[in-house]
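Novice: fold the following.
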Amino acid sequence: MIPIRKFIQDVSFDRIDSYRINHQPEIHCILKFDKYEILDSFGNKLPNSIVGKNLISNTTAEHITSLTDPKLIDKFRNLFVEDSVKPLNQETPLYKNSLLFYKGNVVVGGINVSFNQGILCTINHEFLSITQTDFGKLRAFFFADLKHNPYEAVSYFGNIANKWQEHLFPDFYFNPHWKLYETTIGTPILCLNTNRAKLQIETEEGVLISPAQLKRATYVKYYPFAQKRKMFEMIFSLYNEMRSDYDLPEIKGDIESILPFFVRLNSVTIPVNDKDDILLSFSNWDEEHGLYIRINEVGDKMEFDF
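Specialist: Predicted structure coming up:
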């Protein structure tokens, strides 16, 4: 492992190009057997780097800016003043930001950065060590001088016990035990704005997710308002039926503000067969059994699964 200060000192460059990579919504980053598999919308593999083999550029690369001002080049070189022999993080990296260094018009080096995980590597896949202080300065340089957006949506949260919680749709974790692709999805189902739940996509022996399954997951993410309202009313009606059995309080006023305190969406399951129903699982007043609803975008189907 190379300290980033030494790596930068050993590279002679007069231009820095900055990029975002693997950010587009149609790109799927799947953590599978401790390694990320990055696929485009056609299922083609993409490098977890600004460049792949033979320095071929990552086709998802979005050029942000170029720096040629000697003062800014020197500022970048002088960011790193401490040597660290350890990485900030030992996780499997997923890189979303990159730099290429040029001498004239020739690429002489580069780095890939995961700000969410605190991991860096060269374009030759050598890990770089960096101190927490210098990493903070690198982050500030990206946002202030390289014009990267510090408020862009985070798709990887890192090092959480339940691996699916580390990811946000359309990025996934492949669960090898259950042969499922799992992630976190934001959806308006049974909430005022957005509720986060577990999304699991079934497969046949772990084959890739189909475009139709991704389309159905997107349907859940942007669940139609009329259907959302219908579900509120359906669950509220069931709530009133169950009040006496479970000693539940009477809900008065805006049910969309109050009902989510008693019923919460836990998971969404997308089946292999595109004609089969999507299964929604809720926690509710029945702590042992919960509540299940089947929906289907065909005919706006919505019914309880008892």
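Novice: return the helix or strand in the chain with minimum mean pLDDT.
Specialist: None of the helices or strands of the chain scores lower by mean pLDDT, DSSP states H and E than strand 28-32, at a mean of 78.
Novice: list the buried residues for it?
Specialist: His28, Cys29, Ile30, Leu31 (16 or more other CB atoms under 10 Å). Using the backbone N, CA and C atoms, a C-beta is placed for each residue, glycine as well.
Novice: do stretch 243-255 as well
Specialist: Those would be Ile251, for stretch 243-255 by 16+ other CB under 10 Å.
Novice: now tell me what touches the least confident helix or strand of the chain from outside.
Specialist: Strand 28-32 is contacted from outside by 22, 36-39, 92, 94, 155-156, 163, 166-167, 170-174, 176, 181, 209, 214, using CB atoms under 8 Å, 6 or more residues apart in numbering.
Novice: kindly report the same for stretch 57-75.
Specialist: So stretch 57-75 is in contact with 13-24, 27, 40, 46-47, 49-52, 76, 98, 141, 145-148, going by CB under 8 Å, 6+ apart.
Novice: can you do 7 Å?
Specialist: 14-24, 27, 46-47, 49-52, 145-148 (CB atoms under 7 Å, 6 or more residues apart in numbering).
Novice: ditto for stretch 39-49
Specialist: If you take CB under 7 Å, 6+ apart as the criterion, stretch 39-49 is touched by 22, 26-28, 36-38, 58-60, 94-95, 112, 123, 208.
Novice: can you check stretch 175-186 too?
Specialist: 30, 33, 164-165, 167-169, 171-174, 194, 196-203, 205-206, 209, 217, 220-221, 268.
Novice: quick one on the thing from earlier: what's the PyMOL syntax to select whichever of the contacts of stretch 57-75 are buried?
Specialist: To isolate the buried ones among the contacts of stretch 57-75 in PyMOL, judged by 16+ other CB under 10 Å, type:
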select buried, resi 15+16+17+18+19+20+21+22+23+27+46+47+49+50+51+145+146+148
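Novice: the contacts of stretch 57-75 in strands, which ones?
Specialist: In strands, judged by DSSP state E, the following of the contacts of stretch 57-75 are found: Arg15, Ile16, Asp17, Ser18, Tyr19, Arg20, Leu46.
Novice: so which of these is the closest to Arg243?
Specialist: Nearest to Arg243 among the ones in strands among the contacts of stretch 57-75 is Arg20, at 51.5 Å by CB to CB.
Novice: pLDDT at that closest one, what is it?
Specialist: For Arg20, the pLDDT comes out at 90.
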